[in-house]
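S.K.: model this:
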Amino acid sequence: MTQQEMPTLAVTGVTGTVGRLTAAALADAGVPFRMLARTPAKAPPLSGTVTVSCAYGDAEQARTALAGVDTLFMVSAAENAERLREHFTFVDAAADAGVRHIVYTSFFGAAPDATFTLARDHYATEERIRATGMAHTFLRDNLYLDFVEYMVGEDGVIRGPAGTGRAAMVARADVARVAAIALQHPERHRDVTYDLTGPEELTMAEVAETLSRRLGRAVSFHDETIPEAYESRKRWEAPDWQYDAWVSTYTAIAAGELAGVSDAVERVTGRAPLSLDEFLRDR
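M.R.: As a prediction, the model looks like this:
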């Protein structure tokens, strides 16, 4: 395929859930696009697509992979100590390659002083995108419903300093549906930030109650102190930034920074987002 024949829409993250679901939705709609993957062999086999090797941290490779791309879906990189540097490298490469519009998966409440430490990196990435002059659509995802079960310890207890704070968690499938629509009609979503949430905001105690009912086993919530939270997570060897991220997930809930239901999913897609109960029923 010549450069002139290459699709002008590119999708990253196709070996992960949000990128893969978005890619599948675009393929089902008959939209041609190129899939960018660090390991192309792991990309899903979808009709109307071409797979290109691309790593966020490799500027030259990224510029080559993005040549001729007008619209780009940038799924945030996996959590790692170098993620922000990788994001900046990729954003700059996209601008250099002539990309006109980026749809980026950010985080709910992204801010330079966000309690959740990784939300600060998302804010910095948003600012980098704005500074390039490219059009953008920021999808500020709340916590994922998909991860709720993994918060439960082997003893059936969710532990964290969340207090009675609430989070309006969203399913990754709903994020992907919004992304697929924005990518097909970028002009309708130009320079817009969407807060993507589920239809309800829940305390962790309420999450535990729903899990108990749907999983058929007792699940409870223990509101740790912050020192207890750091100590209990030392059972996993990790760098300090990772411990901070794990604990601040819960302290952000306690601070009220993940509360507040948005209608963005239904407004963009025409379909209400999944609740936790629906997600667990259908998973």
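
S.K.: residue contacts, the residue lying closest to residue 49 once chain neighbours are set aside?
M.R.: Nearest residue to residue 49, sequence neighbours excluded (C-beta to C-beta, 6 or more residues apart in numbering): residue 35, at 5.4 Å. Backbone N, C-alpha and C define where each C-beta goes, glycine included. Taking C-beta atoms under 8 Å, 6 or more residues apart in numbering as the criterion, residue 35 is in contact with 10-11, 14, 23, 43-44, 46, 49-52.

S.K.: any idea how far residue 35 is from residue 190?
M.R.: Separation of residue 35 from residue 190 (C-beta to C-beta, to the nearest Å) stands at 24 Å.

S.K.: and which of the contacts of residue 35 is nearest residue 68?
M.R.: The shortest approach to residue 68 among the contacts of residue 35 belongs to residue 10, at 9.2 Å (C-beta to C-beta).

S.K.: now that closest one, what's its secondary structure?
M.R.: Assigned by DSSP: H, G, I helix; E, B strand; the rest coil, the conformation of residue 10 is strand.

S.K.: next: residue 280.
M.R.: Classification of residue 280 using three-state DSSP returns helix.

S.K.: how many other residues sit next to the nearest residue to it once chain neighbours are set aside?
M.R.: Setting aside the residues directly before and after it, residue 280 is nearest to residue 214 in space (C-beta to C-beta, 6+ apart), at 3.9 Å. Counted with other C-beta atoms under 10 Å, the neighbours of residue 214 add up to 17.

S.K.: what of the one 4 residues further on?
M.R.: Using other C-beta under 10 Å, residue 218 has 11 other residues around it.

S.K.: for it, give me its contacts.
M.R.: Residue 218 sits next to 156, 212 when contact means C-beta under 8 Å, 6+ apart.

S.K.: centroid-nearest residue for this protein?
M.R.: What sits nearest the mean C-alpha location of the chain, by C-alpha atoms, centre = their mean, is residue 105, with 4.8 Å.

S.K.: contacts for the one helix or strand that residue maps to, please.
M.R.: Take DSSP states H and E as the rule and residue 105 turns out to sit in strand 101-107. Strand 101-107 is contacted from outside by 13, 18, 70-76, 91, 94, 114, 116, 118-119, 122-123, 125-126, 129, 134-141, 175, 179, 182-183, 186, 189-190, 193, using C-beta under 8 Å, 6+ apart.

S.K.: same for the following helix or strand past that strand, what does it pack against?
M.R.: Scanning forward in sequence from strand 101-107 by DSSP H and E, the next helix or strand is helix 117-132. Applying 3 or more C-beta pairs under 8 Å, 6 or more residues apart in numbering; DSSP states H and E, one finds that helix 117-132 contacts helix 83-97, strand 101-107, strand 135-141, helix 240-254.

S.K.: switch to 6 Å and redo it
M.R.: Applying 3 or more C-beta pairs under 6 Å, 6 or more residues apart in numbering; DSSP states H and E, one finds that helix 117-132 contacts helix 83-97, strand 101-107, helix 240-254.

S.K.: can I get it in CSV, CA atoms only?
M.R.: Extracted C-alpha coordinates of helix 117-132, given in CSV (Å, rounded to 0.1, in the frame of the first residue of the first chain):
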residue,chain,number,x,y,z
THR,A,117,-1.3,11.5,41.2
LEU,A,118,-1.6,10.1,37.6
ALA,A,119,-4.4,12.6,36.8
ARG,A,120,-1.7,15.3,37.0
ASP,A,121,0.2,13.5,34.1
HIS,A,122,-3.0,13.5,32.1
TYR,A,123,-3.5,17.2,32.6
ALA,A,124,0.1,17.8,31.5
THR,A,125,-0.5,15.7,28.4
GLU,A,126,-3.7,17.7,27.6
GLU,A,127,-1.7,20.9,27.9
ARG,A,128,1.0,19.6,25.6
ILE,A,129,-1.7,18.8,23.0
ARG,A,130,-3.3,22.2,23.3
ALA,A,131,0.2,23.9,22.9
THR,A,132,0.7,22.2,19.5
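
S.K.: how much does that helix deviate in direction from strand 101-107?
M.R.: Interaxial angle, helix 117-132 versus strand 101-107 (axes from the mean of the first three to the mean of the last three C-alpha atoms, to 10 degrees): 160 degrees.

S.K.: returning to that earlier point: how about the contacts of residue 35 in a markdown table, adding distance to residue 229?
M.R.: Converted to a markdown table, those look like this (distance: C-beta to C-beta, whole Å):
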| residue | distance to residue 229 |
| --- | --- |
| 10 | 39 |
| 11 | 36 |
| 14 | 34 |
| 23 | 36 |
| 43 | 37 |
| 44 | 37 |
| 46 | 41 |
| 49 | 43 |
| 50 | 45 |
| 51 | 41 |
| 52 | 42 |
